[in-house]
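S.K.: below: sequence and its predicted model.
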Amino acid sequence: MSQTQYDTLVSARWIITVEQDGEVLENHAIAIKDGQIAAIIPANQCAAISANEKLELGNHVLMPGLINLHGHSAMTLLRGLADDKALMDWLNNHIWPAEGKHVQDDFVFDGSCLAMAEMIRGGTTTINDMYFYHAAMGRAGLASGMRTFVGCSILEFPTNYASNADEYISKGMAERSEFLGEELITFTLAPHAPYTVSDATFRKVVDLAEREDMRIHCHIHETADEVNNSVKELQQRPLARLQQLGLLSPRLIAAHMVHLNAEEIDIVARHGVAVAHNPASNMKLASGIAPVQQLLAAGVAVGIGTDGAASNNKLDMMAETRLAALLAKVGTLDPTAVPAATAIRMATLNGARALGIADKVGSVKVGKQADLIAIDLSALETAPAFDPVSHVVYAAGREQVSHVWVKGRCLLNARQLQTMDEVALKARGEDWRNRILAR
Ligand SMILES: CSC[C@H]1O[C@@H](n2cnc3c(O)ncnc32)[C@H](O)[C@@H]1O
Ligand SMILES: [Zn+2]
């Protein structure tokens, strides 16, 4: 019988599978063929295996790629423009005026490329985004090789991109049609928030999502003001309104969900809504602490996101995963809340569940696509290594991510970007800085 010829065989001291919480395989290799995890093999059997490329990584962890469940990639170009503000001051008085001056197709392409390079260097393989000029975002996704969920933004008010909700929808859907054959690019519908989208538009979004089988991505219950204003103006909390409008379903990825009572947590769980937790953005905008432990206990798929670089100001999923574990402990005064293995599951498999791709990615399992990362734990900062699960969450940093693969394609090799030109990206960022300062 002829022996299988694998494309890549990568061995490491540890594999965190995420198949079961905390499961670690020691001294194993992952064999990749045609973009898939074809086999998981004990390292002592690797000599007999045929592969086009054999990579022996030593003191590294191999694990599923990180899934950034909520972002606005192009906002890298607005990083640091307005810090230390509350959400509505930040949006109304700083970010929306800046977006009105600068956001066009080329802004979105350049900002998204910069974001994707940063995310790849930090071990992120999938981004669930929402912004404007979606074809530019899709092109950035293709250029980077990342698995990209492009959210078609929908608001009632005009921006450079569109003048009313119907136009946002029709332009977004037209841009989506350019990418229908691209396996790594998926469009979602992204009504911005309950305070910027009307009932009629939410109803259209629900119908369209069902007809086209699309995910819905929306900021919900981000601040106490959002909830209180809705009660004042509509005599209803936003989540109750969205429930009435038919928005609550497994299609929905609700970003933030900071201010929830016990009844709302139950409703979210019963409707199968997924939640994107954004610890750094919630802390920086002083939005609050999301009830992550309670949501997880209710069975909700809680993933982790960075939000945009203008409110974070990093796109660092390893830092975000650490913050998710730490903030849960502060929020509940319970040191056992969100242990390291749970935080890793949130950043990987839960994100995949939220996006409806857990059959394809999110854990190291034969038959899944090879969206994988390697983290080098041989640094002084991670010595000694008793438990790789603990180190990945609490001790290692994104600078220790050495390799990244999406569907078996290497996007980062020994910290070198393979699909993007780091020098050119920095130069484009600097061009934008000069343009923004000049306007
Ligand atoms: C329509 S999606 C893009 C839109 O959202 C704005 N935005 C970025 N971060 C947040 C946030 O945390 N809450 C609400 N809105 C946010 C962004 O600036 C774009 O205008
Ligand atoms: Zn956001």
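M.R.: Yes, it's here. Numbering: from 1, shown residues only. Ligands and ions are numbered 1, 2, ... in the order given.
S.K.: from memory K171 sits against N160, does it?
M.R.: No - contact criterion C-beta atoms under 8 Å: K171 and N160 do not qualify, at 11.6 Å. (Glycine included, C-beta is placed from N, CA and C.)
S.K.: list the contacts of the residue of the stretch 101-250 of the chain found nearest ligand 1.
M.R.: Nearest to ligand 1, among the residues of the stretch 101-250 of the chain, is S153, at 3.4 Å (C-beta to the nearest ligand atom). S153 is in contact with M130, Y131, F132, Y161, Y168, G172, A190, H192, counting by C-beta atoms under 8 Å, 6 or more residues apart in numbering.
S.K.: now do the same contact list for the nearest residue to the third one once chain neighbours are set aside.
M.R.: Nearest residue to F132 in three dimensions, chain neighbours excluded: Y161, at 3.9 Å (C-beta to C-beta, 6 or more residues apart in numbering). Contacts for Y161 (C-beta under 8 Å, 6+ apart) come out as V103, F132, Y133, S153, Y168, K171.
S.K.: top of the contacts of S153 by neighbour count?
M.R.: A190 (31 neighbours; other C-beta atoms under 10 Å).
S.K.: tell me what that residue is bridged to.
M.R.: Using DSSP bridges, the bridge partners assigned to A190 are S153.
S.K.: now it: how far from H217?
M.R.: To H217, A190 is 5 Å away according to C-beta to C-beta, to the nearest Å.
S.K.: overlap of the contact sets of these two?
M.R.: Joint contacts of A190 and H217 (C-beta under 8 Å, 6+ apart) are M130, G151.
S.K.: looking at the contacts of Y161, which are in helices?
M.R.: Among the contacts of Y161, the members found in helices (DSSP state H) are Y168, K171.
S.K.: can you list the contacts of Y161 in a markdown table and add distance to A255 and pLDDT?
M.R.: Converted to a markdown table, those look like this (distance: C-beta to C-beta, whole Å; pLDDT from 0 to 100):
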| residue | distance to A255 | pLDDT |
| --- | --- | --- |
| V103 | 20 | 97 |
| F132 | 17 | 98 |
| Y133 | 20 | 98 |
| S153 | 13 | 98 |
| Y168 | 18 | 98 |
| K171 | 22 | 98 |
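S.K.: can you redo the contacts of Y161 as CSV with distance to V275?
M.R.: Converted to CSV, these look like this (distance: C-beta to C-beta, whole Å):
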residue, distance to V275
V103, 27
F132, 24
Y133, 27
S153, 20
Y168, 24
K171, 28
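S.K.: which of K171 and N160 has more neighbours?
M.R.: More crowded of K171 and N160, by other C-beta under 10 Å: K171, with 18 against 15.
S.K.: leaving out sequence neighbours, find the closest residue to that one.
M.R.: Leaving aside its sequence neighbours, K171 is closest to A162 (5.5 Å, by C-beta to C-beta, 6+ apart).
S.K.: the one you found: what secondary structure?
M.R.: coil (DSSP: H, G, I helix; E, B strand; the rest coil).
S.K.: for stretch 56-69, C-alpha coordinates in PDB please.
M.R.: Presented in PDB, the C-alpha positions along stretch 56-69 are these (Å, rounded to 0.1, in the frame of the first residue of the first chain):
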ATOM      1  CA  GLU A  56      10.300  20.500  14.100                       C
ATOM      2  CA  LEU A  57       9.300  23.300  16.400                       C
ATOM      3  CA  GLY A  58      10.600  22.000  19.800                       C
ATOM      4  CA  ASN A  59       9.400  24.000  22.800                       C
ATOM      5  CA  HIS A  60       6.300  25.300  21.100                       C
ATOM      6  CA  VAL A  61       2.600  25.000  21.500                       C
ATOM      7  CA  LEU A  62       0.400  24.200  18.500                       C
ATOM      8  CA  MET A  63      -3.200  25.100  18.800                       C
ATOM      9  CA  PRO A  64      -6.200  26.300  16.800                       C
ATOM     10  CA  GLY A  65      -5.900  29.800  15.400                       C
ATOM     11  CA  LEU A  66      -7.500  32.600  17.400                       C
ATOM     12  CA  ILE A  67     -10.900  33.900  16.200                       C
ATOM     13  CA  ASN A  68     -11.400  37.600  16.600                       C
ATOM     14  CA  LEU A  69     -15.200  37.700  17.000                       C
END
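S.K.: how far away from the center of its chain is it?
M.R.: 16 Å (C-alpha atoms, centre = their mean, to the nearest Å).
S.K.: and the contacts of S153 near ligand 1, which?
M.R.: M130, Y131, A190, H192 (C-beta under 6 Å from any ligand atom).
S.K.: separation between the last one and M173?
M.R.: Same thing as H192. Counting by C-beta to C-beta, the gap from H192 to M173 is 17 Å.
S.K.: tell me, how many residues neighbour H94?
M.R.: So H94, with other C-beta under 10 Å, has 16 neighbours.
S.K.: my guess is it contacts A82. True?
M.R.: Yes - H94 is within contact range of A82, at 3.4 Å (criterion: C-beta under 8 Å).
S.K.: name the SS class of the residue nearest in space to the middle of the chain, please.
M.R.: Nearest to the mean C-alpha position of the chain, by C-alpha atoms, centre = their mean, lies N68 at 1.2 Å. Classification of N68 by three-state DSSP places it in strand.
S.K.: list the contacts of it.
M.R.: Taking C-beta under 8 Å, 6+ apart as the test, what N68 contacts is M119, T124, T126, I127, N128, I304, G305, T306, L315, M317, G351.
S.K.: what about 7 Å?
M.R.: Counting by C-beta atoms under 7 Å, 6 or more residues apart in numbering, N68 makes contact with M119, T124, T126, I127, N128, G305, T306, M317.
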